[in-house]
Every structure is written in structure tokens, then in C-alpha cells.
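In: Generate coordinates for the sequence data below:
(chains A and B)
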Protein chains: 2
Amino acid sequence: MREVFQQELREVQERLVEIAELVAEAIERATQAFNESDVALAEKVIEDDAKIDELAVSLDELAINILARQQPVARDLRIVVSALRISASLERMGDMSEHIAQLSRYRFPDKVVPKSLRPTFAEMGALDVMIARKLVTLLRSEDVRVAEEIRNDDDKVDALHLSVFDKVLGATWNGEAVDTVDATLASRYHERFADHAVSIAKKVQYLATGDWIPADA
Amino acid sequence: MREVFQQELREVQERLVEIAELVAEAIERATQAFNESDVALAEKVIEDDAKIDELAVSLDELAINILARQQPVARDLRIVVSALRISASLERMGDMSEHIAQLSRYRFPDKVVPKSLRPTFAEMGALDVMIARKLVTLLRSEDVRVAEEIRNDDDKVDALHLSVFDKVLGATWNGEAVDTVDATLASRYHERFADHAVSIAKKVQYLATGDWIPADA
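Out: Residues are numbered from 1 along each chain as shown, chains lettered A, B, ... in the order given. So this is what the prediction gives:
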């Protein structure tokens, strides 16, 4: 029984890694679509989000099945409950990637943000892609140093997020209202994307160190 | 054992109702603070959000404890897992209320949005307050007709959310960039608030009808 359970936990872990890989691909493509006004790529991200949703639902079913059949307690129980939460965060990260892709589709053939903001968004996008890849590594290896790195990367995303507002609300901003709306939303999506990654990183960290996982972490 | 379990499920339900009541109070106050530039009320909402977070964490602990001790299966297991998800959604609804309050604190003593948008935001706020109150009723009564009402109310919030963009991107908009940013964010927070309520309503609905709960519902 114990061996079957360990095998099932590995299956859960592998599925989380698989979803995280799709999320990394989604944010990478969404960022490229956003930076280069690539509408075909944007549409691919939007279309592929259904696959992430589907895998998340199916992972949840597996986790609930494991709870019902294996009746885990203590740390084992917390691992399975954490998997349910991690899948919910990954699903939202897919949604954020989709929203970024939607912005670039709406504005096509224009770029989403004016020239002065493009380097900032390129940097935010690159950070989110890096964070998503580190998440794949973290879920695979459970190496808490990677979790720490993700938390540091998130601080950089937060700083860039604030810098977008500084720019948009500064004296030199001459964007149209549509630019202001798009910059506000895109920045918020990137920030939330990184937040969800931190929330997952904390869960892995707490599981590794034995501390428990606040719901809002 | 069965009786103890039923008693514990009632305890979970009561705690969800308690959190939902605090969320309803939070969105009501945040909306009033936003409409009337009431900075003291805004600060109260921001301060009180910690209580919602705390109750959500403590409810999660209870739910995990129940899973460990009672080892529920089938529908009982799904009820407990749903409680974990509902508490996460309520916690986020508290955050959205806090964000709306923060916007009104930042802009004080100015109002957050220009005159032309105030009726729209007053309406969105009133709908979110109504939705939050219906959620309290729904969690208390599990009356699926209330769940259906919440879904309809959410459609109205979505329509208002779109109308904000129509206005901000329309020819007559003469707001500053700060107005555009605030309107975009406030509208997004209201929309997300209602989305989380729908997500909870669907879970209650599915539990009542016996269907299962997609993770992204």
C-alpha cells in the first residue's frame, strides 16, 4: 500500500511538472507575441490554454482519488492537498499568459505598448519566463534554493510593475488612454503571474522544511 | 463517528459563512470608501483584511484535520475539498475589497474616478455587495437558486466592466492617465470579485446536484 502510494505521489509530481512546462511555454509565447505583435502566436497561446485547464482538472481528480483510496495522514496528506493548490495556481498562471496574449491580439497590427515602455515589458516578460522555467525545476527537484530564487525574481517583477505606474503617471507620458489601459493590465498580469509562482514556491519550501502552508501564501 | 463528522461539517459550513460575512462587510465598506472618498473607512477595510486571511488559514487547518481524522470518501470528501477551495476564493475576495480600498486611500482627498464614471462604479460596487450578501445566504442555505442568481449578477458586472473600457477608450474621455489607470484597476478588481463568487456558487451548485467541480469553475 505504502509503495503504491509513493508511486501515486510520483505520478502527481510528474503531472504538476507537465502542467508547469506548458505554463512556461505559454508565458514564453505570450511574451514573444506581445513584444513582436505576433498574432498567430498569440492565438496559439489562447487556444492552448484549454489544455492546461484540462490537465489541472484531471490532476485534481487524481489527487481526490488518492485521498479517497489511500487516506493519507500527516505530511502525506499535506502533500496531496498542496498538489491541489499548486494545480490551481498553475491554472491561473496559464490564464495570465492567455490574457497577455489577448492584449496583443486585440491591438494587432499595433504593438501593445508605446516605445518608451517596451524595454520594461520585455524585462518583465523575460523574468516571468525565467520564473516559470525555475518552477519546472523546483517541482521536479524540490530544491529549496530554487524556491528562494523565485522569490527574489518576484521582487524584481514587483519593482518593474511599480516602475510602469511611475512612467504612466509621470510628466513625460504621452500615451493614449488605450496605451494606459493596456500597460496597466499587462503589468498587472505579469505581476500576478509571478505572485502565483511565489505561492507555489512557498508551498514546496514549507513541505520540504516541514512547516505548514498558509492559504494565502 | 458519522455524527461527529456531520457536526464537523456543520462547523466548516459555519466558518465559511462567517468569512463570507466579513467579505460582504469588506466590499460594502470598500465601495462606500471609494464612492465617498472616505479614507478612514478605506483604512478600516485594509486593516480588517488580516482577519479574513487568518480565518481562512484556520478553516484550512480544520479541513485538513478532518481529512486526517475522519478519512471521508465520495461526496463527503468532495465537500471538505470544496471547503478548502471556497475559503481560497473568499480570501481573494477579501483581497479585492482591500485593493479597492487602497485605490481610494491613494487618491484621497480626491475621488478615485472622474464624474462620468462614478455612476458605473457605484453600480458595480452595489452589485458586488449584493453578490457577497447572496453568497452568505448561499453558503448558509445551499439553495441552488441563489447560486443561479449570483451567476446572473456576475453577467451584469461583466457588462459594466466592459462599459468602463468603452468609456475610457471612447472619444469623450478626457481623464488624466491616473484616472485611466485607476478606472482600469478598480474595474478589474470588481470583475474578479464577482468571478470568485461565481466560482464558489458553482461549487455549491455542483455539490448540491452531485456533479463534480472543475478546478477552474
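In: going forward, measure contacts between C-alpha atoms and count neighbours the same way
Out: Noted.
In: So for chain A, the centremost residue is which one?
Out: The structure's chain A has its C-alpha centroid closest to A:Met93; by Cα atoms, centre = their mean the separation is 3.3 Å.
In: before we move on, which element is that one in?
Out: Using DSSP states H and E, A:Met93 falls within helix A:74-107.
In: Follow the chain on from that helix and name the next helix or strand.
Out: Following helix A:74-107 toward the C-terminus (DSSP H and E): helix A:118-141.
In: got the angle for that next one vs helix A:74-107?
Out: 150 degrees (axes from the mean of the first three to the mean of the last three Cα atoms, to 10 degrees).
In: So which elements touch helix A:118-141?
Out: Applying 3 or more Cα pairs under 8 Å, 6 or more residues apart in numbering or on different chains; DSSP states H and E, one finds that helix A:118-141 contacts helix A:2-36, helix A:144-168, helix A:177-209.
In: would you turn those into JSON lines with mean pLDDT and distance to A:Arg78?
Out: Listed next are these as JSON lines, based on pLDDT from 0 to 100; distance: least, Cα to Cα, whole Å:
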{"stretch": "helix A:2-36", "mean pLDDT": "96", "distance to A:Arg78": "12"}
{"stretch": "helix A:144-168", "mean pLDDT": "97", "distance to A:Arg78": "17"}
{"stretch": "helix A:177-209", "mean pLDDT": "95", "distance to A:Arg78": "8"}
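In: would a markdown table of those with distance to B:Ser82 and mean neighbour count be doable?
Out: Formatted as a markdown table, the helices and strands packed on helix A:118-141 follow (distance: least, Cα to Cα, whole Å; neighbours: other Cα atoms under 10 Å in any protein chain shown):
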| stretch | distance to B:Ser82 | mean neighbour count |
| --- | --- | --- |
| helix A:2-36 | 19 | 20 |
| helix A:144-168 | 28 | 19 |
| helix A:177-209 | 19 | 22 |
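In: Turn those into CSV, including distance to B:Ala194.
Out: Below are the helices and strands packed on helix A:118-141 laid out as CSV (distance: least, Cα to Cα, whole Å):
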stretch, distance to B:Ala194
helix A:2-36, 25
helix A:144-168, 25
helix A:177-209, 18
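In: Which of those helices sits closest to B:Leu77?
Out: Across these, B:Leu77 has its closest neighbour in helix A:2-36 (18.1 Å, Cα to Cα).
In: chain center to the helix or strand just after the closest one, what's the gap?
Out: Sequence-wise, the next helix or strand downstream of helix A:2-36 (DSSP H and E) is helix A:39-70. Distance of helix A:39-70 from its chain centroid, counting by Cα atoms, centre = their mean, to the nearest Å, is 13 Å.
In: one step back: isn't the residue nearest to the centre of chain A up against A:Val198?
Out: No: the criterion here is Cα atoms under 8 Å, and A:Met93 misses it with A:Val198 at 11.3 Å.
In: ok so, going back, distance to chain B added to the helices and strands packed on helix A:118-141, as a markdown table?
Out: Listed next are the helices and strands packed on helix A:118-141 as a markdown table, based on distance: least, Cα to the nearest Cα, whole Å:
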| stretch | distance to chain B |
| --- | --- |
| helix A:2-36 | 14 |
| helix A:144-168 | 7 |
| helix A:177-209 | 6 |
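In: Looks like A:Glu142 contacts A:Leu207 (just checking).
Out: No: the pair A:Glu142 / A:Leu207 is not scored as a contact, 9.1 Å apart, by Cα under 8 Å.
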